[in-house]
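Asker: Build me a structure from this.
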Amino acid sequence: MAEKFDVCVLGGGIVGHTLALLLARERLRVGLVSKAVAQGNQRDDVRAYALNHQSRELLEGLRCWPDDSHVTAVLDMHVQEAGAARVHFNAAGSGAGALAWIVDVPALESQLAQALRFEPRIVLLAGAVPAALTVVCEGRSSAARTRFGVEQDLTPYAQSAIAARVRCEMAHQQAAHQWFATGDILGLLPLDGAMGNTMALVWSVDDRLRDDLLACSAESFAQRLQLASSGQLGRMELVSERQNWPLQMAVARQWSGTDEGRAWVLAGDAAHVVHPMAGQGLNLGLADAQELAAQVHARDYWRPVDDRHMLRRYERARKADALTMATATDGLQQLFARPGGGWHRVRNWGMRGFDRSDTLKRWVARRAMGMGFGATSHTADRTI
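Answerer: The predicted structure is shown next:
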């Protein structure tokens, strides 16, 4: 006799794994279509995520937060345009112990995979199975989203992101950096703890420059990176392979529905993709998982897990947040991509004014940190 599932989660990334664990806490039988990362698997993965307070609380509640050797707190954030004004965010000035935490992706995936093995209500599957509710967490190129006929509001950027790890001559002092230069956006995130000098690189560049940066030697790449960062961290050394992916903004027009009489809902990158400049992609996805689990927990006892009113409440709550972030990052990308001295002066004036406005800076910082201002807290506040 075929096994019955309340929920089938499609997608074995961080969002899918987190959601499966949250739903299992609600005593639901969950089928997870995933290739779980084996414990101790040291993949050559250069990615690192900037996770905010809300995401940290969520993962700590699931006992999946990596140990200190794989997490670095960000105490300062420096943003500047080449030859122009700067904006400085400080954790103390934002009323928090850290602006964000930079987390190694393999370490977080390993923690989640270990938790899955100890949860009897979750069954790892090779493919989709019938369930009352299917949650699509397959990422930006989701096949299930396409099969369900969901259209997206899509804005492709003529840019790609290049990710790598670099070792700097100077210690990072737990500061993150971001430089804007004629459309290109260079971000460096601190790794290896308070005394480290290794940083995770995310460099958003024009597609015409991408191939050159990927093909040049490690030494040449490091020199160009040092020039783009104005030498503020001294000499640089490339210590990993370079990875890249195309950049776009995308928000699904429909986040929930039915297919052949069974309910489905989108979460994570299957529902929304934003420019990486703000480092909020995974935070948005984890907030999706948290909100959906919170709606399941709060539903009336007689409502099934595929209740359309519950799923619509989830869609309204999360779509608004995703649209706000997508619009904000798209606006900034468009603003800093505009050439010419006039636009340069406007940006310079705006950045100086913003940096002098402590109240506005504090509000923006706390919003990005997931502290208040509409952050979901239903699931994180529960006793695990």
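
Asker: Could you use CA atoms for every contact and neighbour count after this?
Answerer: OK.

Asker: Residue 171 contacts residue 196, correct?
Answerer: Yes: at 5.8 Å, residue 171 and residue 196 qualify as touching, with contact defined as C-alpha atoms under 8 Å.

Asker: Run through the helices of the stretch 51-200 of the chain in chain order.
Answerer: 53-61, 105-117, 143-147 (DSSP state H, counting those that start in this stretch).

Asker: Touching stretch 263-271 from outside, list them.
Answerer: Applying C-alpha atoms under 8 Å, 6 or more residues apart in numbering, the contact partners of stretch 263-271 are 15, 132-142, 145, 250-252, 255-258, 281-282, 284-286, 288-289, 306, 308, 311.

Asker: Any of the residues you listed buried? List them.
Answerer: Neighbour counting over the contacts of stretch 263-271 (16 or more other C-alpha atoms under 10 Å) leaves 15, 132-140, 142, 145, 250-252, 255-257, 281-282, 284-286, 288-289, 306, 308, 311 as the buried ones.

Asker: Residue 206 and residue 244, how far apart?
Answerer: Separation of residue 206 from residue 244 (C-alpha to C-alpha, to the nearest Å) stands at 12 Å.

Asker: quick one: which of the buried ones among the contacts of stretch 263-271 sit in strands?
Answerer: Using DSSP state E, the members of the buried ones among the contacts of stretch 263-271 that fall within strands are 132, 133, 134, 135, 136, 250, 251, 252, 256, 257.

Asker: so how far is residue 269 from the fifth one?
Answerer: Pointing back at residue 136 there. Per C-alpha to C-alpha, residue 136 is found 9 Å from residue 269.

Asker: and if you look at the third one?
Answerer: Distance of residue 134 to residue 269, given as C-alpha to C-alpha: 16 Å.

Asker: and the angle from the strand or helix carrying residue 324 to strand 131-136?
Answerer: Assessed by DSSP states H and E, residue 324 sits inside helix 308-337. Relative orientation of helix 308-337 versus strand 131-136 (axes from the mean of the first three to the mean of the last three C-alpha atoms, to 10 degrees): 0 degrees.

Asker: If you count contacts, what does helix 308-337 end up packed against?
Answerer: Contacts defined by 3 or more C-alpha pairs under 8 Å, 6 or more residues apart in numbering; DSSP states H and E place helix 308-337 against strand 243-252, strand 256-259, helix 281-298.

Asker: could you check the angle strand 131-136 makes with the last one?
Answerer: Think helix 281-298. Helix 281-298 runs at 160 degrees relative to strand 131-136, counting by the same axes, to 10 degrees.

Asker: ok, back up a step: next, the angle from the helix holding residue 324 to strand 243-252.
Answerer: Going by the same axes, to 10 degrees, helix 308-337 makes 130 degrees with strand 243-252.

Asker: hang on, residue 173 packs against residue 192?
Answerer: No: assessed by C-alpha under 8 Å, residue 173 is found out of contact with residue 192, at 10.6 Å.

Asker: Which one of the two is surrounded by more residues?
Answerer: Of the pair residue 173 and residue 192, residue 192 is the one with more neighbours under other C-alpha atoms under 10 Å, namely 20 against 17.
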